[in-house]
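Visitor: model the following, please.
(2 chains)
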Amino acid sequence: MRADRLRLLAVLALALWMILPILPLAVWSFAYGWRFPDLLPQDWSLRAWSFALSGQSGILESFALTTLIALATTFLSALIGVPAGRALGLYRFRGKGLVTLLFLAPAVVPGIAITFGLHGIFLRLGLAGTVTGVILAHLVPVVPYMTLVMAAVFSRFDPDLEAQARSLGATPWQTFRAVTLPAILPGLLTAALFAFLVSWSQYLLTLAIGGGRVQTLPLLLFSFASAGRNDITGAVGLLYILPGLMVLILTARQVTGRGAALAGGLRP
Amino acid sequence: MTSLSLSGLTKRYAGAGQAAVHALDLFVESGSLTALLGPSGSGKTTTMKLVAGLIAPDAGDIRLDDLSVRDLAPERRGIAMVFQNPLLFPHLTVAGNVGFGLRMRGLPADQIRPEVAMMLDRVRLTGFGDRRPAQLSGGQQQRAALARALILRPQVLLLDEPLSSLDPGLRDEMRQLIRDLQRETGITTLVVTHDQTEAVALADTIALLLDGRIAQTGPPETFYQRPASQAVARFFGGVNFFPGNARNGVFDCAFGPLHLPPGIADRAGLLTIRPEALRFGPGPNQRTARIAAITFLGTQSRIDLSVAGASLQALVAPDTARFLTAGSEVAIAFPPESLWLLPSGG
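Guide: Residues are numbered from 1 along each chain as shown, chains lettered A, B, ... in the order given. Coordinates of the predicted model:
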């Protein structure tokens, strides 16, 4: 009984710890004037929300753009990270240590150190200020996550399962679809979730490479916050944490609940 | 039905000094159950993977009847391989696993279902279709893996050490099942094993692989009665070898002249007799032997003998061993029909 109560307390504490910082945002987004030292605003209003959700504010547009960039970054990082993770997790080859280091380096080097060099190169390539450029730049911090998770997944995958599928008449593509993908899917979803959220929350890289022409949500959020529009900042802030929460809720079951299937599909 | 022939098959792994398989020739008769027998590290599994198309040979050819499949992808060879480890796909049910190959061929689900049910019956897994592989015992998993390959009616079936991962009690059951299914279907089957008793009990024909070469091919009895070389005889438990000369049906060796069975040409060679073929008591080719030691081995006892300074081993039933005592002298006989002459030095 005591253990149950302790657990409940822990869950409540965790929930409070996660929700409390968001609470002022929510209050601000409905406030019409909220002056110190009042506990709550004098008046409530939907002004901030109607502005945020209206066409002219550009916030919805920015939401869509941020989503597009994060999805594209996730997809491209999987295209690189799945084969790279397979190579690092399954095979031994000459120079593996060096390749691992190169793949992980961006996760260790501070982003600001990369940003300016990258900006110079992208200017020359005509990628600065473009969505493509921003996506490519986002790959720098995202690919190491994807590769690392997939390497761990593949290190527990038995490639003889693929050989067995081929011997039973499956083409290479069928083998990937019917055997490899189901085995790595839980890990891939976890990695994709991280990739999406890392891209979604990029500020510095987007600012430097996008040069202000690619307005993602964190950029908008920052500009509203520094302009002192606390009500709009609150509304945009809530919009900003929405996909993270949604992705988390949707995949939590996959990531944890399918753990048993994951373990069964992989070498002990 | 289809025969399988390998000619000059060679595979060398990158970085390895010696070839894993070197110029291997092997013929598996259509509809036969052939065992490729060899010690660990003799290249058996490599040979299997070459035939299945999972690795590419450096030289040589693989033919089904007269058709070379060397350059075909594994899924297009009509050769199904069952690995030593059952390798059931963990995210599929047992039925999903057994129907896997048919699904890959694009058969609709309502045609696959009855085939799978029939196949599950044949490997005595009726009613297990909805289970997950992890819910099956090791023997059941192995049977499901066999069903998954047989359902495709492959031209050639490859089984890699099908019994080695099973408990002794389950081995007999599985061995019987493989024999029965192979007879029923008539599918040309090549089994790889390192265990000579397994090969003998399972196969119609054994090909013995020693040092990367086929040392002898034939029905199981020949490996005991007429081994081709000393190495073959040793692999099958031969321990008694005596150099000498055959002349006019008599072999001259350390024990003096021994009468040979008819039909042996005059030549120098190694005479061999299986340890279980030596007779205690009076008989043809009788000699006096001193018993050096008696070792109880469970179902048999090993008797170490010395005859005219040469040593010999005999295997007898423990009941017989009770009448023998170490240090005493006994009469032993070399029945001529149990003597076999090997080429010397081979």
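
Visitor: only C-alpha atoms for contact and neighbour calcs from this point on.
Guide: Fine.

Visitor: spell out which parts of the stretch 51-200 of chain A neighbour chain B.
Guide: Taking C-alpha under 8 Å from any C-alpha of the partner chain as the contact definition, the stretch 51-200 of chain A meets chain B at A:160-161, A:163-171, A:174, A:179, A:182-183.

Visitor: other SSEs contacting the helix or strand harbouring B:Leu159?
Guide: With elements taken from DSSP states H and E, the one containing B:Leu159 is strand B:156-160. Here strand B:156-160 touches helix B:44-52, strand B:79-82, strand B:188-193, going by 3 or more C-alpha pairs under 8 Å, 6 or more residues apart in numbering or on different chains; DSSP states H and E.

Visitor: tell me which residue is most central in chain A.
Guide: Closest residue to the average C-alpha location of chain A: A:Leu197 at 1.6 Å, with C-alpha atoms, centre = their mean.

Visitor: check contacts around B:Asp58.
Guide: B:Asp58 sits next to B:9-12 when contact means C-alpha atoms under 8 Å, 6 or more residues apart in numbering or on different chains.

Visitor: let me see the contact set for the residue of the stretch 51-200 of chain A found nearest chain B.
Guide: Closest contact between the stretch 51-200 of chain A and chain B, by C-alpha to the nearest C-alpha, is at A:Gly169 (3.9 Å). Contacts were defined as C-alpha under 8 Å, 6+ apart; by that measure A:Gly169 touches B:74-76, B:78, B:80, B:101, B:104-105.

Visitor: in PyMOL, select just the buried ones from the residues of the stretch 51-200 of chain A next to chain B.
Guide: Buried residues among these (16 or more other C-alpha atoms under 10 Å in any protein chain shown), as a PyMOL selection:
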select buried, chain A and resi 161+163+164+165+166+167+168+169+170+171+174+179+182+183
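
Visitor: deepest-packed of the helices and strands packed on strand B:156-160, please.
Guide: Neighbour counts (mean count of other C-alpha atoms under 10 Å in any protein chain shown) averaged over each of those peak at strand B:79-82, with a mean of 28.

Visitor: mind checking if that one is in reach of chain A?
Guide: Yes: using C-alpha under 8 Å from any C-alpha, strand B:79-82 reaches chain A at B:79-82.

Visitor: mean pLDDT for the helices and strands packed on strand B:156-160 - can I get that in TSV?
Guide: Listed next are the helices and strands packed on strand B:156-160 as TSV, based on pLDDT from 0 to 100:
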stretch	mean pLDDT
helix B:44-52	91
strand B:79-82	95
strand B:188-193	95
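
Visitor: how about these in a markdown table, adding distance to B:Thr295?
Guide: Putting the helices and strands packed on strand B:156-160 into a markdown table (distance: least, C-alpha to C-alpha, whole Å) gives the following:
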| stretch | distance to B:Thr295 |
| --- | --- |
| helix B:44-52 | 34 |
| strand B:79-82 | 40 |
| strand B:188-193 | 29 |
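
Visitor: looking at those, which is nearest to B:Arg143?
Guide: Proximity to B:Arg143 (C-alpha to C-alpha) singles out strand B:79-82 among the helices and strands packed on strand B:156-160, at 10.3 Å.

Visitor: is whatever helix or strand comes next after the closest one up against chain A anywhere?
Guide: Downstream of strand B:79-82, the first helix or strand assigned by DSSP H and E is helix B:94-98. No: Helix B:94-98 does not reach chain A (C-alpha under 8 Å from any C-alpha); its nearest approach is 10.1 Å.

Visitor: got the contact list for the helix or strand just after helix B:94-98?
Guide: Downstream of helix B:94-98, the first helix or strand assigned by DSSP H and E is helix B:100-104. Counting by C-alpha under 8 Å, 6+ apart, helix B:100-104 makes contact with A:165, A:168-170, A:174, B:109, B:112, B:148-149, B:151-152, all of which sit outside it.

Visitor: in CSV, list the C-alpha atoms belonging to the helix or strand following helix B:100-104.
Guide: The first helix or strand that comes after helix B:100-104 along the chain, using DSSP H and E, is helix B:109-122. What follows is helix B:109-122 as a C-alpha-only set of coordinates in CSV (Å, rounded to 0.1, in the frame of the first residue of the first chain):
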residue,chain,number,x,y,z
ALA,B,109,-4.1,-15.7,-48.2
ASP,B,110,-7.1,-18.1,-48.8
GLN,B,111,-4.9,-20.4,-50.8
ILE,B,112,-2.0,-20.3,-48.3
ARG,B,113,-4.2,-21.1,-45.3
PRO,B,114,-5.1,-24.7,-46.2
GLU,B,115,-1.6,-25.5,-47.3
VAL,B,116,-0.2,-24.3,-44.0
ALA,B,117,-2.8,-26.3,-42.0
MET,B,118,-1.8,-29.4,-44.0
MET,B,119,1.9,-28.8,-43.5
LEU,B,120,1.4,-28.2,-39.7
ASP,B,121,-0.4,-31.5,-39.5
ARG,B,122,2.5,-33.3,-41.2
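
Visitor: ok now the following helix or strand past helix B:109-122, how far from the chain's centre?
Guide: Using DSSP H and E, the helix or strand that directly follows helix B:109-122 along the chain is helix B:138-150. Chain-centre distance of helix B:138-150: 21 Å, with C-alpha atoms, centre = their mean, to the nearest Å.

Visitor: by contact count, what packs against helix B:138-150?
Guide: Applying 3+ C-alpha pairs under 8 Å, 6+ apart, we find helix B:138-150 packed against strand B:79-82, helix B:94-98, helix B:100-104, helix B:109-122, helix B:168-185.

Visitor: residue in chain B nearest to chain A?
Guide: Closest residue of chain B to chain A, C-alpha to the nearest C-alpha: B:Glu75 (3.9 Å).

Visitor: wait, which of the helices and strands packed on helix B:138-150 is closest to B:Phe242?
Guide: For the helices and strands packed on helix B:138-150, proximity to B:Phe242 was assessed by C-alpha to C-alpha; helix B:168-185 is nearest, at 36.2 Å.

Visitor: before we move on, what SS does A:Ala84 have?
Guide: When classified by DSSP: H, G, I helix; E, B strand; the rest coil, A:Ala84 comes out as helix.

Visitor: what sits against A:Trp28?
Guide: Contact partners of A:Trp28, counting by C-alpha under 8 Å, 6+ apart, are A:34, A:230-232, A:234-235.

Visitor: get me the contact residues on chain B for chain A.
Guide: Neighbours of chain A within chain B, by C-alpha under 8 Å from any C-alpha: B:52-54, B:74-76, B:78-83, B:87-91, B:100-101, B:104-105, B:134, B:149, B:152.

Visitor: hmm, which of those residues are the buried ones?
Guide: B:52-54, B:74-76, B:78-83, B:87-91, B:100-101, B:104, B:134, B:149, B:152.

Visitor: which stretches of the stretch 201-346 of chain B form helices?
Guide: Secondary structure of the stretch 201-346 of chain B, counting by DSSP state H, counting those that start in this stretch: helices at B:220-225, B:230-235, B:318-321.

Visitor: before we move on, the earlier item: mind telling me what element the residue nearest to the centre of chain A is part of?
Guide: Assessed by DSSP H and E, A:Leu197 sits inside helix A:181-200.
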